[in-house]
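Colleague: this one's sequence-less:
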């Protein structure tokens, strides 16, 4: 009789655990919020616990700050796209590095003050992005100094920067 009671108790415990897990999964996937728009595709973004993409994005910005196209080249995919403030590029890594080297020739320095970072990945693991928020102080060789707030979205694929969208907040002139 004790064997039957033990088996019955174990079966009930197992069933209770299975039922609890099923309810948790169901509750997580049901969003009853009434949004004013219908989404074409819901990616199911979640925070990326792997820090490698954050390191790649931050290292890319560091190579920019140091005006180091050799270090930057190691972080970029063979084909890249960039949508920056007043500048769009789509082409090979070599073409981009050649163009950016021309811009670096006009500059005397960049100073980056990093503020925050978020790394996300969609649930089916097909897209990975890193967002950076920072302040940049730029000095040109002719003595002009400019300070801007930046927000960058890096698209990372296979451990390389595939693209970058940059959003700039210029300070108000009084």
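Modeller: That came through, no problem. This is a predicted model, so every value here is computed, not measured.
Colleague: Going by neighbour count, list what's buried in whichever helix or strand residue 97 is part of.
Modeller: Under the assignment given by DSSP states H and E, the secondary-structure element containing residue 97 is helix 93-104. Of all the residues in helix 93-104, those buried under the rule 16 or more other CB atoms under 10 Å are 93, 96, 97, 100. C-betas here are computed from N, CA, C, even on glycine.
Colleague: residues making contact with stretch 144-153?
Modeller: Stretch 144-153 is touched from outside by 57, 61, 129-139, 164-171, with contacts defined as CB atoms under 8 Å, 6 or more residues apart in numbering.
Colleague: so how many other residues sit close to residue 139?
Modeller: Close neighbours of residue 139, defined as other CB atoms under 10 Å, add up to 14.
Colleague: just residue 48 next, same as before
Modeller: When neighbours are counted by other CB under 10 Å, residue 48 comes out with 19.
Colleague: ok, it - contacts?
Modeller: Contact analysis of residue 48 by CB under 8 Å, 6+ apart lists 54, 119, 120, 121, 128.
Colleague: Just the pLDDT for it.
Modeller: Note for residue 48: predicted pLDDT of 92.
Colleague: and the gap between it and residue 133?
Modeller: 17 Å (CB to CB, to the nearest Å).
Colleague: same question, residue 121
Modeller: Using CB to CB, residue 121 is found at 19 Å from residue 133.
Colleague: Confirm that residue 60 lies within a helix, as I assumed.
Modeller: Yes - counting by DSSP: H, G, I helix; E, B strand; the rest coil, residue 60 is located in a helix.
Colleague: Thanks a lot, catch you later.
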